[in-house]
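Novice: here's a sequence, model it:
(chains A and B)
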Amino acid sequence: MLHNLNIGELADRLAKRQISSVELTRHFLGRIERLNPALNAFITQTPDRAMQDAESADRRLAAGERGPLLGIPLIHKDIFCTEGVRTSCGSRMLDNFVAPYDASVVARLKEAGTVMLGKANMDEFAMGSSNETSYYGPVRNPWNTAKVPGGSSGGSAAATAARLTPFATGTDTGGSIRQPAALTGVTGVKPTYGRVSRFGMIAFASSLDQAGVFARSAADASSVLQVMAGFDPKDSTSVDAPVPDYAAVLSAPLKGLKIGLLREFFEGLEARNAALIHDALKIYRSLGAETLEVSLPHLPLSVPTYYVVAPAECSSNLSRFDGVRFGYRCEKPADLLDLYTRSRGEGFGAEVKRRIMTGTYVLSAGYFDAYYLKAQKVRRLITDDFRAAFEKVDLVISPTTPTPAFDIGAKMHDPVTMYLNDIYTIGANLAGLPGVSLPCGFVDELPMGLQLVGPHFAEAKLLNAAHQFQQATDWHRRAPRGYE
Amino acid sequence: MSAWETVIGLEIHAQLATKSKIFSGSATAYGAPPNTQADLVDLAYPGVLPVLNAQAVQMAVKFGLAIGAAVAHRSVFARKNYFYPDLPKGYQISQYELPVVARGSLKVMLEDGTVKNIGITRAHLEEDAGKSLHEGLANATGIDLNRAGTPLLEIVSEPDMRSAKEAVAYMKKIHTLVRYLQICDGNMQEGSFRCDANVSVRPKGREKFGTRAEIKNLNSFRFVEKAIQYEIARQIELIESGGTVVQETRLYDSDKDETRSMRSKEEANDYRYFPDPDLLPLEIDSAFIEAVRATLPELPDEKAARFAGAFALSAYDAGVLSASRELGAYFESVVSGLTANSGSAKLAANWVMGELSSALNRDNLDIADSRVSAAQLTGLLLRIADETISGKIAKEVFEAMWSSGQTADAIIEAKGLRQITDSGAIEAVIDAVIAANPKQLADYRAGKDKLFGFFVGQVMKATSGKANPAQLNELLKTKLAGAEHA
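Specialist: As a prediction, the model looks like this:
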């Protein structure tokens, strides 16, 4: 079936004109129509736009143009601005917001000839680990619809896992690509901070946010990242460094690769979950890699550090949503203060408000030094820990999450437990490092992920290690029942 | 003498004369229809990001070098968070802990001719906010974001000034400097150059500063002086009547000539400054600084010193003539057109500072728009120097030049104003005048010396003022005396 083909195979059939992009697009639109109601993976479906994109791609193909993504459908997380199509960021605040421009990620992928099927559901303003904070309702995990798909890029993950799209974009501020990738059994890549432009991506925590990709294999992800990555003069934090040919090194042998197992990751980890990581290490050793233990002593501080830095930045980033120029405005404001307080009070959901309040608090006079400044210092220590580790090893390995997908509603009223879901992923954001999550087995019939994190701009090495693992395993080929 | 000493520090906002805004590509031109010079970045649309304008950085560095300050190799943009409708992001991007320019100073000449060194704590880059519009809108407020994101250089002085006049002298000197550097057009009506004044008073001799009030948004030198004067008087009166000054922000009402409380320290915003994560720290290397240094023009103090030395002008005249680059260039152009002799620079200085300046003031024109060009004024002064016309006639010629745009020679010729230097011709007129006024002659000879002026006047009247004054004096004296002996 078309939806089980990888991107390379689809591009090959399109190139040989064995299928058209229109046919491919119709296939996925059909699956979305049939399967999405059980998942709620979309905030906005764009079938008309998809057909236009597909026709345009077919014209380019007919004219002899070829490209790894030309004519391939995708879904964008609804955090990326898309010209003429609503960009809600999962919030009532932006329920009526149609961006007048494309995010740089969207523009690059459009230029490459992709076909936009729609905009994926997500936690409100990317704040959440379960996709339950979305104004548009929770996304359900295709492996078990009573479970969350993870978050915040839950719609992108669920849609990719359910084969409603060959791939999807996402963003990762504290694990929002890797964690849902793990919980839905797909491959998720969070590049180095600055590798992919943030222009047009609605900011949550600017120093942590990074765009990335969900796909069903590292090879697929690498061909998407190839298009997304690169310097953007519109983003001052994007890095002007050449983008290596990721595909070219996917098959490089792993002989001599040093993989570090993080001691801190395993304290309190359930045995069945730990066993999957040890199995993965065995596979890596069989592929010629060397495994050794490394320590990141400050890593246990990453969750509290993150929950100071990220809210601080978000409290400022979300100030622009004031009911004045765009987005939600309350009915009949009595005066300016009423306009602000009711527009924001009614437009934002509980988790967003919690983080704005936390962030406002930690930046306030008298608290700044004790919270924000101290968090920045710990952030530096964590970064230094990683740097020291990468003097000994090429990549570090850990589980992506402590547990498999949990029940919808189980953690919503306990934010601290919810935040601990990100314990393995947050360090890479604080240090700006690239990470991938790969399917590595099942616990309680739910997929689990392993995470590889590398030094800055080591995406090629990460994808190579991920691809080699996927050559030796078939976890990533497993499809949830009913979505095969 | 007052028992109080005033302490003043100024925060001057100079709008940088960049073509585009500090973090977006929108134009900065003044006066466009509302919101036509605001792009998605200025409107703070979701997802947009700031990109720093390199020209604004060059201008800030230029200013730093001109005041002998330390230009920071690394400075940081921070967010100043507060809600206001004309602040689209809900925060202003500014520099807080690490400014681009620190620790400079400026020499300011005071009214009594003494020179005072005023310390400049820092100068930092920031963006301006938009404007809220209330006129012509019923029960609504309009927002114009054309100005949002316009680059500003905020120049913060030390509390070094001791009177309103000192504060104005300092502000004028900064005004001169930024225009010299061509980093700000200095237009105060359009708000391109404005300041906040921190004012406090303390008993003379006490070291500790009194509690200060900050007067916001003063956009003319006159308002700065009057607002500070009012505020000093208010604070002294308050303390002397047993009250205490509270730290607060005040607004100056120029119609009522008073300052009014805007908000107290307790009501002040907590701006929650933190480094802007969308912008990397601003790194400036030595090569960049040296490249900017190479573009520095002759600075006002350098030009004044050169004028005083090369043209033997007083410090005051040299200061006035170097008050703007354009005026200095005009003056130098006039001087260079005259034959170099001991009087030519003084002649040029007097005319530029006298007739020309008053004509410009009268018509509210800048030197660049002068109706008499430097070459034309030179032409006029040459006729004074070669005695074709007298200084008095020259003023008449200048007025004609100002209104007609013609050259001095053309006007002198057309109006027949050429000075009479032929002794015979002057003598003939003198003889006629003496003959026509026998009574005055008799009185003069009887000792009424003041009547000499009467005869001068009569001769000038008869020659339409064209008689060479020196020759006339000489000949008239001889004639009046000569007749006595005859």
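
Novice: report the buried residues of stretch B:292-311.
Specialist: Buried positions in stretch B:292-311, judged by neighbour count with 16 or more other C-beta atoms under 10 Å in any protein chain shown: B:292, B:299, B:300, B:301, B:303, B:304, B:305, B:307, B:308, B:311. C-beta: built from backbone N, CA, C; applies to glycine.

Novice: and what of stretch A:381-401?
Specialist: Buried-residue list, stretch A:381-401, by 16+ other C-beta under 10 Å: A:382-383, A:385-386, A:389-390, A:393-401.

Novice: what about it, near chain B?
Specialist: No: using C-beta under 8 Å from any C-beta of the partner chain, we find that stretch A:381-401 stays clear of chain B, coming within 14.9 Å at best.

Novice: how long is that stretch end to end?
Specialist: 23 Å (C-alpha to C-alpha, to the nearest Å).

Novice: now do it, average pLDDT.
Specialist: Mean pLDDT, computed over stretch A:381-401, is 97.

Novice: show me how far it is from its chain's centre.
Specialist: 20 Å (C-alpha atoms, centre = their mean, to the nearest Å).

Novice: give me the low-pLDDT residue ranges for chain B?
Specialist: Within chain B, the stretches with pLDDT under 70 are B:1, B:342, B:482-486.

Novice: domain ranges for it, per the record?
Specialist: Per automatic domain parsing, the domain ranges recorded for chain B read B:4-292, B:300-415, B:423-485.

Novice: so can I have TSV of those domains showing distance to residue A:465?
Specialist: TSV is the format used below for those (distance: least, C-beta to C-beta, whole Å):
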stretch	distance to residue A:465
domain B:4-292	30
domain B:300-415	64
domain B:423-485	101
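
Novice: out of these, flag the one nearest chain A.
Specialist: Chain A lies closest, by C-beta to the nearest C-beta, to one member of these: domain B:4-292, at 2.4 Å.

Novice: can you show me the strands along the stretch 1-150 of chain A?
Specialist: A:42-45, A:73-77, A:115-120 (DSSP state E, counting those that start in this stretch).

Novice: which helices and strands does the shortest one pack with?
Specialist: If I follow you right, that is strand A:42-45. On a contact count with 3 or more C-beta pairs under 8 Å, 6 or more residues apart in numbering or on different chains; DSSP states H and E, strand A:42-45 meets strand A:115-120, helix A:154-161.

Novice: the last one vs strand A:73-77, what angle?
Specialist: The reference is to helix A:154-161. 160 degrees (axes from the mean of the first three to the mean of the last three C-alpha atoms, to 10 degrees).

Novice: list the helices and strands helix A:154-161 packs on?
Specialist: strand A:42-45, strand A:73-77, strand A:115-120, strand A:167-172, helix A:178-184, strand A:210-215.

Novice: for stretch A:436-454, buried residues please.
Specialist: A:436-442, A:446-454.

Novice: max pairwise distance over those: which two?
Specialist: Between any two of the buried residues of stretch A:436-454, the greatest separation by C-beta to C-beta is 26.8 Å, found for A:446 and A:454.

Novice: and stretch B:280-288, does that touch chain A?
Specialist: Yes: Stretch B:280-288 is in contact with chain A by C-beta under 8 Å from any C-beta, via residue B:280.

Novice: that stretch: end-to-end distance?
Specialist: End-to-end for stretch B:280-288, by C-alpha to C-alpha: 17 Å.

Novice: any buried residues in that stretch, and which?
Specialist: Here stretch B:280-288 shows B:282, B:284, B:288 as buried, counting by 16+ other C-beta under 10 Å.

Novice: what does stretch B:332-351 give?
Specialist: Those would be B:332, B:334, B:335, B:337, B:338, B:344, B:345, B:347, B:348, B:349, B:351, for stretch B:332-351 by 16+ other C-beta under 10 Å.

Novice: what segments of the stretch 301-450 of chain A are strands?
Specialist: With DSSP E, counting those that start in this stretch as the criterion, the stretch 301-450 of chain A has strands spanning A:395-399, A:435-443, A:446-453.

Novice: with distance to residue B:6 added, can I get these in a markdown table?
Specialist: Shown next, in a markdown table, are these (distance: least, C-beta to C-beta, whole Å):
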| stretch | distance to residue B:6 |
| --- | --- |
| strand A:395-399 | 64 |
| strand A:435-443 | 61 |
| strand A:446-453 | 62 |
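
Novice: who in the stretch 201-350 of chain A is up against chain B?
Specialist: So the stretch 201-350 of chain A meets chain B at A:201-203, A:205-207, A:233-237, A:312-313, A:315-316, A:319-322, A:324-327, A:336, A:340 (C-beta under 8 Å from any C-beta).

Novice: in helices only, show me these.
Specialist: Judged by DSSP state H, those include A:312, A:313, A:315, A:316, A:336, A:340 as members of helices.

Novice: return the member of those residues nearest to residue A:70.
Specialist: Looking across those and measuring by C-beta to C-beta, the closest to residue A:70 is residue A:313, at 36.9 Å.

Novice: phi, psi for the nearest residue to the closest one once chain neighbours are set aside please.
Specialist: What sits nearest to residue A:313 in space, not counting adjacent residues and going by C-beta to C-beta, 6 or more residues apart in numbering or on different chains, is residue A:205, at 4.1 Å. Here is the backbone geometry of residue A:205 (degrees, to the nearest 10): phi -130, psi 100.

Novice: pretty sure residue A:205 is touching residue A:310, no?
Specialist: Yes: Residue A:205 is in contact with residue A:310 according to C-beta atoms under 8 Å; the separation is 3.9 Å.

Novice: any common contacting residues for the two?
Specialist: residue A:173 (C-beta atoms under 8 Å, 6 or more residues apart in numbering or on different chains).

Novice: can you report how many residues neighbour residue 403?
Specialist: With no chain named, the answer covers chain A. 17 (other C-beta atoms under 10 Å in any protein chain shown).

Novice: I was thinking of chain B, sorry if that wasn't clear
Specialist: 11.

Novice: which single residue of the stretch 251-400 of chain A ends up nearest chain B?
Specialist: residue A:319 (2.4 Å).

Novice: okay, now that residue: neighbour count?
Specialist: Applying other C-beta under 10 Å, I find that residue A:319 has 22 neighbouring residues.

Novice: helices of the stretch 1-150 of chain B, residue ranges please.
Specialist: B:54-66 (DSSP state H, counting those that start in this stretch).

Novice: where do the strands of it begin and end?
Specialist: So, for the stretch 1-150 of chain B - with DSSP E, counting those that start in this stretch - the strands run B:4-15, B:70-71, B:74-75, B:77-81, B:91-95, B:101-109, B:115-127, B:131-133, B:142-144.

Novice: which of those strands is buried the deepest?
Specialist: strand B:77-81 (a mean of 23; mean count of other C-beta atoms under 10 Å in any protein chain shown).

Novice: just how off-centre is it within its chain?
Specialist: 32 Å.

Novice: hmm, that strand in reach of chain A?
Specialist: Yes: legend: contact between strand B:77-81 and chain A by C-beta under 8 Å from any C-beta is shown at B:79, B:81.

Novice: in CSV, list the C-alpha atoms belonging to whichever helix or strand residue B:456 is part of.
Specialist: Counting by DSSP states H and E, the element that carries residue B:456 is helix B:451-462. What follows is helix B:451-462, C-alpha atoms only, in CSV (Å, rounded to 0.1, in the frame of the first residue of the first chain):
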residue,chain,number,x,y,z
LEU,B,451,26.7,119.4,14.6
PHE,B,452,29.5,117.5,12.9
GLY,B,453,27.1,114.6,12.7
PHE,B,454,24.5,116.8,11.1
PHE,B,455,26.9,117.6,8.3
VAL,B,456,27.8,114.0,7.8
GLY,B,457,24.2,113.2,7.6
GLN,B,458,23.5,115.9,5.1
VAL,B,459,26.4,114.8,2.8
MET,B,460,25.3,111.2,3.1
LYS,B,461,21.7,112.2,2.2
ALA,B,462,23.0,114.1,-0.8
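
Novice: out of everything not next to it in sequence, what's closest to residue A:296?
Specialist: With C-beta to C-beta, 6+ apart, the residue lying closest to residue A:296 is residue A:385, at 4.1 Å.

Novice: contacts only, for the one you found.
Specialist: Counted by C-beta under 8 Å, 6+ apart, residue A:385 has contacts A:295, A:296, A:297, A:298, A:299.
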